[in-house]
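Asker: My questions concern the predicted model and sequence given below.
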Amino acid sequence: MTFQKKDFIEIEFTGKVKDGGIFDSNIKEDLEKLNPDAKPKPFVFCLGEGMFLKGVDEFLVGKEIGEYNIELSPEKAFGQRVPSFVQMIPMKIFQSQNVRPYPGAVFNFDGRIAKILSVSGGRVTADFNHPLAGKDIIYEVKVLRKIENLDEKLKSFNDFIFRRELKFSVEGKKLIIEVEKELAKFVEMFKDKFKEIFDLDLEVKEISPSPNAQQ
């Protein structure tokens, strides 16, 4: 049976620049080339929900369990380079934060990541293009299985959205997620998304922080 949008699947993958090196992977042998200390993790995601690169996501809809070599043009990968994304930033911006820019350094400007290209006097040239913009990309993907277990689907979705493991339970058509008070409103923002993907009504239960969290 072929995969459809909102299906959850588990994959092993390696992303490479065409005629270049590896930039991402969850396969031990390939991941070690990026970082010898990195530990590979299983990757489960929901098709059509922006949890993986759009070009790969779209390719896998209609496919089955198996291995695929997916070649993506910049438009389907990380976009073309945009000259206007290379901008001059006054040195005083960095000085106000007590940081020293230098060529090759990467900074976060209100959620926008930029690489410093040059530093000259009071002006800094920063590139806000994605590091892989303008490049042809190849993803080697092995689809291991389609996820049928609801708890496994919910866990993978929570891990992706909230970047942490949350305690949850399902009672009939109700999903109950337990979080600290300060996170409750943030989790509630995804109420419609849980309804759309899982057809579950979200209830957020506020709990006291664990002793470890307070340390």
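Answerer: Looks like it came in fine. Numbering: from 1, shown residues only.
Asker: quick check, residue 183 in a strand?
Answerer: No - counting by DSSP: H, G, I helix; E, B strand; the rest coil, residue 183 is not found in a strand; it is helix.
Asker: That one: what's it in contact with?
Answerer: residue 162 (CB atoms under 8 Å, 6 or more residues apart in numbering). (C-beta placed from N, C-alpha, C; glycine too.)
Asker: since we're on residue 18, how many residues are nearby?
Answerer: 12 (other CB atoms under 10 Å).
Asker: Now residue 154: which helix or strand?
Answerer: Using DSSP states H and E, residue 154 sits in helix 150-162.
Asker: Name the residues of the helix or strand following that helix that come out as buried.
Answerer: Scanning forward in sequence from helix 150-162 by DSSP H and E, the next helix or strand is strand 167-171. Within strand 167-171, the residues scored as buried using 16 or more other CB atoms under 10 Å are residue 168.
Asker: per-domain residue ranges of the protein.
Answerer: 1-79+134-148, 83-127, 149-215 (automatic domain parsing).
Asker: What does the pLDDT read for the residue lying farthest from the centre of the chain?
Answerer: Residue farthest from the centre of the chain, counting by CA atoms, centre = their mean, is residue 121 at 36.4 Å. With respect to pLDDT, residue 121 scores 82.
Asker: now it, nearest residue through space, not along the chain?
Answerer: Spatial nearest neighbour of residue 121, chain neighbours left out: residue 91 (7.5 Å); criterion: CB to CB, 6 or more residues apart in numbering.
Asker: For the one you found, give its distance to residue 41.
Answerer: Using CB to CB, to the nearest Å, residue 91 is found at 40 Å from residue 41.
Asker: okay, these two: which has more neighbours?
Answerer: Per other CB under 10 Å, whichever of residue 91 and residue 41 has more neighbours is residue 91, with 15 against 9.
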